[in-house]
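Colleague: Fold the stuff below for me.
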Amino acid sequence: MSKSKQITNFWREEYSREVKKYDPFKVTQQFKKMAGLFTPGTSYFYILNVHDLELDYISPDVELLTGIHPKNVTIEKLLKTATPRELEWVQKKEVVVRDFYGRFLPREKITDYKLVYSYEMKDRDRKKRIMLHQATPLSISESGGMQHVLSIHTDISHLTSKSSHNVSFIDLEGRQSFYNIDPEKGVFDPEFANSKCHKVLEKLTDREQEILDLLAKGLSAKQIAGNLNISEHTVKTHRKNILKKTGCNKTAELIAERILTGLIM
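Modeller: The predicted model follows:
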């Protein structure tokens, strides 16, 4: 049995059995617009119906990355774009994800968190890309399980040449998040989280954080200066201070580390 099939079978056993009936997610134009705001760069997103693991919606940009026409996309075909080595890690990460949402997290807080991890894939031209996977439950079934899940996949190859093996869980309400959980443990434990990475960004001022977010979106110092109505020299000074405070040598290095952790985007 292929690794992608093993993962979908795991989802069916652990999630689908909790959703007793099919209920399609109604994707409005406003929802598409809002989702697009969180997909900077080359990205695509989809709505997974947990009842049968069918896609209630897939954005057209999926073809740009995978070469698969939107009408032909399935969740298993998307999994197969990941390299075999990465699928091993995806499987381990998904075990920890299930433990987090199914055992650790109270049912009423399921929609308060998003999960973040990266993986290596081969695009439509068989070129290696590093993808950032972000997912959050949108609705809960009558039995208390996930019913619809929004997943966003973003190409971050311009920022890093390798994926991270860890998975993070980000509290969308700004309360307690859990960073860089090692999936080798096979379970979720808050003690496994690395809180240091969040404390690094706490050293930044609001303006520095704003500039870091804009740099992550690919804006140049000149573009940022125009957006914030400050001088280009000021932007470069802020960037220098950001690197000094975080102990990084390059902006791309810092952004990649924070994106892979889930602290940016």
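
Colleague: after the worst-scoring helix or strand of the chain on mean pLDDT, next one along is what?
Modeller: Lowest by mean pLDDT, DSSP states H and E among the helices and strands of the chain is helix 196-202, with a mean of 59. Per DSSP states H and E, helix 196-202 leads on to helix 206-216 as the next helix or strand towards the C-terminus.

Colleague: Which elements pack onto that following helix?
Modeller: helix 221-228, helix 232-246, helix 251-261 (3 or more C-beta pairs under 8 Å, 6 or more residues apart in numbering; DSSP states H and E). For the C-beta atoms, the positions are set from N, CA and C on the backbone; glycine is no exception.

Colleague: Please compute how far that helix lies from its chain's middle.
Modeller: In terms of C-alpha atoms, centre = their mean, to the nearest Å, the centre of helix 206-216 is found 19 Å from the chain centre.

Colleague: Could you do stretch 139-153 as well?
Modeller: For stretch 139-153, the distance to the chain centre is 16 Å (C-alpha atoms, centre = their mean).

Colleague: what's it in contact with?
Modeller: 15, 18-20, 23, 25, 35, 38-39, 43-51, 56, 65, 78, 101, 107, 110-111, 131-138 (C-beta atoms under 8 Å, 6 or more residues apart in numbering).

Colleague: longest strand of the protein?
Modeller: strand 128-140 (DSSP state E).

Colleague: What strands flank that one, and is each parallel or antiparallel?
Modeller: The strands beside strand 128-140 in its sheet (DSSP bridges) come out as strand 113-122 (antiparallel), strand 146-155 (antiparallel).

Colleague: among the ones you listed, which is nearest His233?
Modeller: Across the strands paired with strand 128-140, His233 has its closest neighbour in strand 146-155 (30.8 Å, C-beta to C-beta).

Colleague: Following that closest one in sequence, what is the next regular element?
Modeller: Assigned by DSSP H and E, the successor of strand 146-155 is strand 167-171.

Colleague: Adjacent strands (with direction) for the helix or strand just after that following strand?
Modeller: Once the chain leaves strand 167-171, the next helix or strand it forms, by DSSP H and E, is strand 178-181. Here strand 178-181 is paired, per DSSP bridges, with strand 167-171 (antiparallel).

Colleague: buried residues in the partner strand?
Modeller: 167-170 (16 or more other C-beta atoms under 10 Å).

Colleague: Among those residues, which pair sits farthest apart?
Modeller: Val167 and Ile170 (10.6 Å).

Colleague: what do the two both touch?
Modeller: Listed contacts common to Val167 and Ile170 are 115-116; contacts here mean C-beta under 8 Å, 6+ apart.

Colleague: so where's the stretch 51-200 of the chain uncertain?
Modeller: Applying pLDDT under 70 to the stretch 51-200 of the chain flags residues 194-200.

Colleague: give me the number of residues near Pro60?
Modeller: 9 (other C-beta atoms under 10 Å).

Colleague: Now for it: which residues touch it?
Modeller: So Pro60 contacts 44, 70 (C-beta under 8 Å, 6+ apart).

Colleague: Confirm that it sits in a helix.
Modeller: No: looking at Pro60 with DSSP: H, G, I helix; E, B strand; the rest coil, it is coil, so not inside a helix.

Colleague: follow-up on the earlier one: so for Gln29, which of the strands paired with strand 128-140 sits nearest?
Modeller: strand 146-155 (15.7 Å).

Colleague: Can you show me the CA trace of that closest one as CSV?
Modeller: C-alpha atoms of strand 146-155 as CSV (Å, rounded to 0.1, in the frame of the first residue of the first chain):
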residue,chain,number,x,y,z
MET,A,146,-14.0,18.1,12.5
GLN,A,147,-16.4,18.5,9.5
HIS,A,148,-14.7,21.0,7.2
VAL,A,149,-11.0,21.9,7.1
LEU,A,150,-9.4,24.8,5.3
SER,A,151,-5.8,24.0,4.0
ILE,A,152,-3.5,26.5,2.4
HIS,A,153,-0.3,25.4,0.7
THR,A,154,2.3,28.1,-0.1
ASP,A,155,5.6,27.8,-2.0
